[in-house]
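Chemist: whatever this is, show me its structure:
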Amino acid sequence: MYGKGAKTAKHPVSSTNVERHLPHIPPHAPLTGTPTLPASKSISNRALIIDALSGHACRCANIAHCDDTDALRHALHTTANTIDIGAAGTAMRFLTAFFATQQGRTVTLTGSARMLQRPIGPLVDALRTLGADIAYAGQEGFPPLRICGKKLHGSVLTPHFGQSSQYFSALMMIAPYIEGGLTLHLADIATSWSYVELTAAMMRHFGAQVALSPTDITIEAGHYAATPFTVENDWSAASYWYELLAIARRGSLVLPQLQPHSWQGDAHIAELFEAFGITTQFGDRHARITYTGGTLPTHFAHDFGNIPDMAQTFAVLCCALGVTFAFSGLHTLRIKETDRIAALTAELRKCGFVLAAGTATLAWDGTRGTADPLPHIATYNDHRMAMAFAPLTALMPIVIEQPDVVSKSYPDFWHAWEQITQ
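Modeler: Sure, this is the predicted structure:
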C-alpha cells in the first residue's frame, strides 16, 4: 500500500527477468509516499528456528515472505531426506545446528553452487565437540552435509568463529536443548556482534536463560515457551530508501513498522544518514525519513563490522555524492552471496568510480575513470547489489542485470520502487 496511491508513470521502466532498465529519475519526481517494507529476515529466521525447537508452540506473526525465509520454513516442515536450501546462507548455518539435535532424523543439507563454496567447518567442528554426528558429503569444510540427529551434551567451548556471527547464533539457539546447557568462551569479539545480541534478545523473549559478557556467552538448559511475538520490519531494506533520498537530495517517505529501539543492528543507519541530510522521526508504528539538507562530509570513515550488510549502501551513496570514504570491518563480505568487495569495485568502476580494495577494507579517494555510456550492473546473484545500486539512478541511468534476485529478501522492491520514483 502506498501513501499517495497509484501514480501515472512519467518515465517507462523496461524490465525483463534478465535486466531492468532504470532511467535517470527526473528532477521533478517528488519522492514521497509509503513504500512497502518486508518483515525482518534476520528476526524471522531466528523465530522459525526457535518455534521449531519448541515443537511449533510459539505464536509468531509477520514472518517474512522471501526466498531465504521460505527456504528455511520449507526445510523445517519437509520430511525429505535431502534438503536443498539454495542460496540461503543463514538457513544452512541454522539448520546444521537444528538438525544435529533432532534425534532419529538423518538429513543431507545441500544448496546452490555458491553455497557449496561457503565455509561451514568451524560450526561443524563445534557441534562435533558437543557430540553431533555430521559428515561432509563433498569437500571437507563445506556443504553438502550429512547430519544424523542425536542428543547433544553441554560443554565449555572456545570456538574461533571470525568468519560469521551466524555460527554463534546457530549454537546459541539450540543450547537450551543441549544437556547441561552451553558456555562459549570468546576467543575474540564475534564478527557482527549485534546479531549475537539480537539472538540473545529473542531467546530471552521466549523464556531462555542467556547471559552475555565480554568474555562469555552462557545459556542454561531448558526450553522455549509459547509466547506471542510479532516480527518488526526490516531496517536493512529501509536503507535503500534512505539512500535514494540522500542521493536525490529531496523527498520524504513513511517507512511502516520500524521501531526506534530495534533489536536489529542495521537500525544504526538512522544515525549514520544524518551526516547525509536525512532526518528520522518516529511515529505510531512508523518512521518518517526526510531530506533536510546540510553540508555533506568531505570524508566518511566507518567500521562496518557490526553492520556489514550496509557497506554496499554506503559505498554507492558516497560515490554518488562525491564523498571520499574508508570502510573497515568488511572481512565477512568476501564470503557472502558473492565476494561483495570485488563486486562493488567492479560495478562502481563501470560508473566511473575507481575504488581501492583490501582483504577487509574498501576505500575511495575521489579517483574517477571513464564511465560506461549506460552501465550494466551485474548483481552476482546478490540481492543487495541490485538494491544498493538502484538509487544511483538519481544521478545517472543504469541497467540492473538479473533484477529478480531481490526476491531473496525484498520481493516487492521493484513494485515499491516504481510507485515512489515515477
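Chemist: L145 and L123 touch, don't they?
Modeler: No: L145 is not in contact with L123 according to CB atoms under 8 Å; the separation is 9.8 Å. C-betas here are computed from N, CA, C, even on glycine.
Chemist: and the two? Which one has more around it.
Modeler: L123 (27 against 23; other CB atoms under 10 Å).
Chemist: so what's T90 up against?
Modeler: T90 makes contact with 41-42, 45, 68, 72, 166, according to CB atoms under 8 Å, 6 or more residues apart in numbering.
Chemist: so how far is the host helix or strand of it off the chain centroid?
Modeler: Per DSSP states H and E: T90 is located in helix 89-100. With CA atoms, centre = their mean, to the nearest Å as the basis, helix 89-100 stands 16 Å off its chain's centre.
Chemist: averaged pLDDT, it. What do you get?
Modeler: Helix 89-100 comes out with an average pLDDT of 96.
Chemist: stretch 290-301 too?
Modeler: 97.
Chemist: and stretch 68-75, by the same measure?
Modeler: Taken as a whole, stretch 68-75 has an average pLDDT of 95.
Chemist: for that stretch, C-alpha coordinates in CSV please.
Modeler: C-alpha atoms of stretch 68-75 as CSV (Å, rounded to 0.1, in the frame of the first residue of the first chain):
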residue,chain,number,x,y,z
ASP,A,68,15.7,-17.1,2.3
THR,A,69,13.0,-17.4,4.9
ASP,A,70,10.8,-19.5,2.6
ALA,A,71,13.7,-22.0,2.2
LEU,A,72,14.1,-22.2,5.9
ARG,A,73,10.4,-22.6,6.5
HIS,A,74,10.2,-25.4,3.9
ALA,A,75,13.2,-27.2,5.4
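Chemist: center of this protein, which residue is that?
Modeler: D309 (5.5 Å; CA atoms, centre = their mean).
Chemist: neighbours of the nearest residue to it once chain neighbours are set aside, just the number please.
Modeler: Setting aside the residues directly before and after it, D309 is nearest to S236 in space (CB to CB, 6 or more residues apart in numbering), at 5.3 Å. Each residue near S236 was counted by other CB under 10 Å, and the total is 25.
Chemist: could you do V406 as well?
Modeler: As a burial measure, V406 scores 28 neighbours (other CB under 10 Å).
Chemist: got it, and I85?
Modeler: The burial count assigned to I85 is 23, neighbours taken as other CB under 10 Å.
Chemist: check contacts around it.
Modeler: Taking CB under 8 Å, 6+ apart, we find I85 in contact with 71-72, 75, 91-92, 95, 109-111, 115.
Chemist: inside strands: which ones of those?
Modeler: The strands, defined by DSSP state E, take in 109-110 from the contacts of I85.
Chemist: show me where the stretch 51-200 of the chain has helices.
Modeler: Remark: helices assigned in the stretch 51-200 of the chain by DSSP state H, counting those that start in this stretch are 67-77, 89-100, 121-129, 165-174, 193-205.
Chemist: quick check: which of the ones you listed is nearest to L157?
Modeler: helix 121-129 (5.7 Å; CB to CB).
Chemist: list the helices and strands that closest one packs on?
Modeler: helix 89-100, strand 133-136, helix 165-174 (3 or more CB pairs under 8 Å, 6 or more residues apart in numbering; DSSP states H and E).
Chemist: identify the farthest-apart pair in the contacts of I85.
Modeler: The largest separation in the contacts of I85, counting by CB to CB, is between L72 and T110 at 14.5 Å.
Chemist: pick out whichever of these two has more residues nearby.
Modeler: Neighbours were counted for L72 and for T110 using other CB under 10 Å; L72 has more, 27 against 19.
Chemist: distance check, that one against R340.
Modeler: To R340, L72 is 22 Å away according to CB to CB, to the nearest Å.
Chemist: returning to what we had before: of the contacts of T90, which is the most crowded?
Modeler: Among those, the one with the most neighbours (other CB under 10 Å) is S42, at 29 neighbours.
Chemist: quick one, phi/psi of it?
Modeler: Per-residue torsions, S42: phi -60, psi -40 (degrees, to the nearest 10).
Chemist: that one reaches S262, doesn't it?
Modeler: No: S42 is beyond contact range of S262, at 10.7 Å (criterion: CB under 8 Å).
Chemist: all helices for the stretch 201-350 of the chain, in order.
Modeler: Taking DSSP H, counting those that start in this stretch, the helices of the stretch 201-350 of the chain run over residues 235-248, 269-272, 311-321, 340-350.
Chemist: can I get the ones you listed in CSV including distance to S328 and mean pLDDT?
Modeler: Formatted as CSV, those follow (distance: least, CB to CB, whole Å; pLDDT from 0 to 100):
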stretch, distance to S328, mean pLDDT
helix 235-248, 19, 98
helix 269-272, 15, 97
helix 311-321, 10, 98
helix 340-350, 12, 96
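Chemist: which residue packs closest to A97, ignoring adjacent ones?
Modeler: Nearest non-adjacent residue to A97, counting by CB to CB, 6+ apart: A170, 3.9 Å away.
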